[in-house]
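Q: Task: produce atomic coordinates for the following.
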Amino acid sequence: MEAHNAAVAEERRNFLPYGATPHKYFETSNMAAWGEYTTALRAVANLSASSQSPSNSENSYSPSVQHQLVEDMENKIPYRYDAYVEPAASPSSSSAHKGPQWPLHGSAGLVLDIDGVVYRSHRLIPGADTAIRKLSTLRIPFVFMTNSGHKSEADKAEELSALLGCDIRANQVLLAHSPMRLLAPEYGEERVLVVGAPRCANIAREYGFRRAISVQQYQCEHPEMVPFKKWGNLKRAAPGTVPFPAIGAILQMSDPEDAFNDIQTVLDVLLAPGGQVGPYVSGAQTTPYFAAADDLLWATEAPLPRLGQGAFREMLASVYESVTGQGMQLQQYGKPRAIAYAFAEKRLREVSAALGWDPNQFRSIFMIGDNIESDIVGANAAGGLWTSVHVLSGIGRAPAARRTLSIDDYELEWIESCVPKTPHYVAPTLDHFVRELLAFPEAALLQSKAPYHGKPNPVDLHGAYNFRE
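A: As a prediction, this is how the structure comes out:
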């Protein structure tokens, strides 16, 4: 880990700004499909080769047909299914004549990123609403998984329902902090400090952290801790009049709204023996820190990507090490961590069961995202049923320096060194992919997915996150 961080420091000395130069992780020749018809061409060509003669190939198409296919890549293939068809009990049953049924019905589900896939800066990406309504109509199970954390699952579901024009339920939304509810049995009765938007303390209480307090409220009770804070209309206690409580844990649930003062406050708690701020500091970190997401960048309508929760983590960890000479310990949630994908798979199975499918019949889970570092790498790391799908409607991969590792972060070290960053499939937008998913054979969609035979993920989900299947 020390060698990794030393290498990161060396790279940063000569690093160009994150928007300055392109950075390619993969070539189009390594992708399962670019656009819409590359995969279809291969499948048709292979079928022709096996059924007609060994000389048949993609080159056997006439120039006019090839020209037409190239033009079609700029368009969208039609949706193959218009309505849900009840599976036939037998080939002779009446439902067998009502229309075709998607072959993967009941055995496949989708996990959708939101920013850069559904919308950018809350402006709908063309076709995303059509794709999601089609999934709902066809009773294909799907959930949303985002590294955002400013809202509750119910509020986010309500927002998406209004935007997409269909009913999205709270259990179909996974936020970066959703798996943190698994910590409630351990910290539910302790005072926990919640970093992020003030409303996140209410979300923490909904999760079972009954004594959660926002970092803003903590500062209002102890204004002497943040001499540079702009208070505005906030009411604050007189300095030194409120006793400092013992903080049992710190939960970073979203991007902080006042990063400088929040770093100062969190640093004080981390240095305090047992999390109770006073005139003495501990020789080691005694208060656990749980961070909901670690995205360094995220997509908006700004010319360059914006800094995310991962940037706050980098700043806090750097200050902590500068003050103490030691690395900061933290437990990380959100994509690309294994806990996010395990929790999403469990939730997707619940949604599938509610639709009447047998969740034990799952054989494919498609992760659709725009961010190579979180969405794609996370799905590749999860392996098994997961297939990574990269859509080109969002951030993609903004060039950025390598990340530093917090102390004992063996999972990120494993992700950095072992997990491939090449997506299994590529499509321009979510709408393109859903059309292809419904039209192409399963073998074509999965043709570039190879099994992983390297070192296993070192994280123990039960021991580290209290996660149970």
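Q: low pLDDT regions in this structure?
A: Where the chain drops to pLDDT under 70, the residues are 1, 8-75, 87-100, 299-300, 395-405.
Q: Apply 80 and report the result again.
A: 1-76, 82, 85-101, 121-122, 297-305, 394-407, 444, 447-448, 453 (pLDDT under 80).
Q: who's in contact with the residue nearest the centre of it?
A: Central residue of the chain (C-alpha atoms, centre = their mean): K335, 4.0 Å from the mean position. Going by C-beta atoms under 8 Å, 6 or more residues apart in numbering, K335 touches D113, M145, N147, A176, A293, D295, Y341, G369, N371, S374, D375, G378. In short, each C-beta sits where N, CA and C put it, glycine included.
Q: now with 6 Å?
A: N147, S374, G378 (C-beta atoms under 6 Å, 6 or more residues apart in numbering).
Q: and of those residues, the nearest to D82?
A: G378 (33.3 Å; C-beta to C-beta).
Q: and the chain, what are its domains?
A: 2-36+76-175+336-465, 178-291 (automatic domain parsing).
Q: L316 is nearest to which of the ones you listed?
A: Closest among the domains of the chain, once you apply C-beta to C-beta, is domain 178-291, at 5.3 Å.
Q: how far does that closest one stretch from start to finish?
A: By C-alpha to C-alpha, to the nearest Å, the extent of domain 178-291 from end to end equals 12 Å.
Q: just how off-centre is it within its chain?
A: 25 Å (C-alpha atoms, centre = their mean, to the nearest Å).
Q: Stretch 357-377 now?
A: Centre to centre, stretch against its chain (C-alpha atoms, centre = their mean), the figure for stretch 357-377 is 10 Å.
Q: list the buried ones in it?
A: Residues of stretch 357-377 classed as buried: 357, 359, 362, 364-377 (neighbour count, 16 or more other C-beta atoms under 10 Å).
Q: Format the contacts of K335 as TSV; extra columns: secondary structure and distance to H453.
A: Shown next, in TSV, are the contacts of K335 (DSSP: H, G, I helix; E, B strand; the rest coil; distance: C-beta to C-beta, whole Å):
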residue	secondary structure	distance to H453
N147	coil	29
S374	helix	24
G378	helix	19
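Q: for those residues, which one is nearest N171?
A: Nearest to N171 out of the contacts of K335 is N147 (C-beta to C-beta; 18.5 Å).
Q: How many residues are close by the nearest residue to the closest one once chain neighbours are set aside?
A: Spatial nearest neighbour of N147, chain neighbours left out: A293 (3.7 Å); criterion: C-beta to C-beta, 6 or more residues apart in numbering. Neighbour count for A293, taken as other C-beta atoms under 10 Å: 28.
Q: next one: phi and psi at A293?
A: Torsion angles at A293 (phi, psi; degrees, to the nearest 10) stand at phi -150, psi 160.
Q: how close does the residue nearest to the centre of the chain get to Q172?
A: Note on K335: its distance to Q172, by C-beta to C-beta, to the nearest Å, is 17 Å.
Q: for V419, same thing?
A: Going from V419 to Q172 by C-beta to C-beta gives 27 Å.
Q: do D460 as well
A: Distance from D460 to Q172, by C-beta to C-beta: 28 Å.
Q: Check T265 too.
A: Noted for T265: a distance of 35 Å to Q172, by C-beta to C-beta.
Q: do R313 as well
A: Between R313 and Q172 the distance is 28 Å, computed by C-beta to C-beta.
Q: so G383 makes contact with Y452?
A: Yes: counting by C-beta atoms under 6 Å, G383 touches Y452, with 5.1 Å between them.
Q: Adding distance to G327, write the domains of the chain out as CSV.
A: Below are the domains of the chain laid out as CSV (distance: least, C-beta to C-beta, whole Å):
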stretch, distance to G327
domain 2-36+76-175+336-465, 3
domain 178-291, 9
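Q: Now stretch 320-333: buried residues?
A: For stretch 320-333, by 16+ other C-beta under 10 Å, it's Y320, E321, T324, G327, M328, Q329, L330, Q331, Q332, Y333.
Q: Any chance of the backbone angles for A344?
A: Dihedral angles (degrees, to the nearest 10) for A344: phi -70, psi -40.
Q: Repeat that for L385.
A: The phi/psi pair for L385 (degrees, to the nearest 10) is phi -70, psi -10.
Q: If we ignore the residues flanking it in sequence, what's nearest it?
A: Counting by C-beta to C-beta, 6+ apart, the residue nearest L385 is I365, at 4.6 Å.
Q: for C418, same thing?
A: Spatial nearest neighbour of C418, chain neighbours left out: G454 (4.9 Å); criterion: C-beta to C-beta, 6+ apart.
Q: likewise R313?
A: With C-beta to C-beta, 6+ apart as the criterion, R313 has its nearest non-adjacent residue at 5.6 Å, and that residue is A291.
Q: I'd like the distance between that neighbour and A212.
A: Counting by C-beta to C-beta, the gap from A291 to A212 is 16 Å.
Q: again, but for I168
A: Distance from I168 to A212, by C-beta to C-beta: 26 Å.
Q: more crowded one of those two?
A: A212 (26 against 21).
Q: what sits opposite that one in the beta ladder?
A: Per DSSP bridges, the residues bridged to A212 are V192.
Q: Quick check, it in contact with V192.
A: Yes: the pair A212 / V192 is scored as a contact, 5.1 Å apart, by C-beta under 6 Å.
Q: still on that earlier bit, pop out the phi and psi values for the residue nearest to L385.
A: Dihedral angles of I365 (phi, psi; degrees, to the nearest 10) stand at phi -130, psi 120.
Q: With only the CA atoms kept, save stretch 190-200 in CSV.
A: Taking Å, rounded to 0.1, in the frame of the first residue of the first chain, the C-alpha atoms of stretch 190-200 are listed here in CSV:
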residue,chain,number,x,y,z
GLU,A,190,-25.2,5.5,19.7
ARG,A,191,-24.7,9.1,18.7
VAL,A,192,-23.6,9.1,15.0
LEU,A,193,-22.4,12.2,13.2
VAL,A,194,-23.8,12.5,9.6
VAL,A,195,-21.7,14.3,7.0
GLY,A,196,-23.5,15.7,3.9
ALA,A,197,-26.7,17.5,3.3
PRO,A,198,-28.6,18.3,6.6
ARG,A,199,-31.6,16.2,5.5
CYS,A,200,-29.3,13.1,5.5
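Q: Can you list the buried residues in that stretch?
A: Applying 16+ other C-beta under 10 Å to stretch 190-200 flags E190, R191, V192, L193, V194, V195, G196, A197, R199, C200 as buried.
Q: go on, stretch 117-129?
A: For stretch 117-129, burial by neighbour count (16+ other C-beta under 10 Å) applies to V117, V118, Y119, R120, I125, G127, A128, D129.
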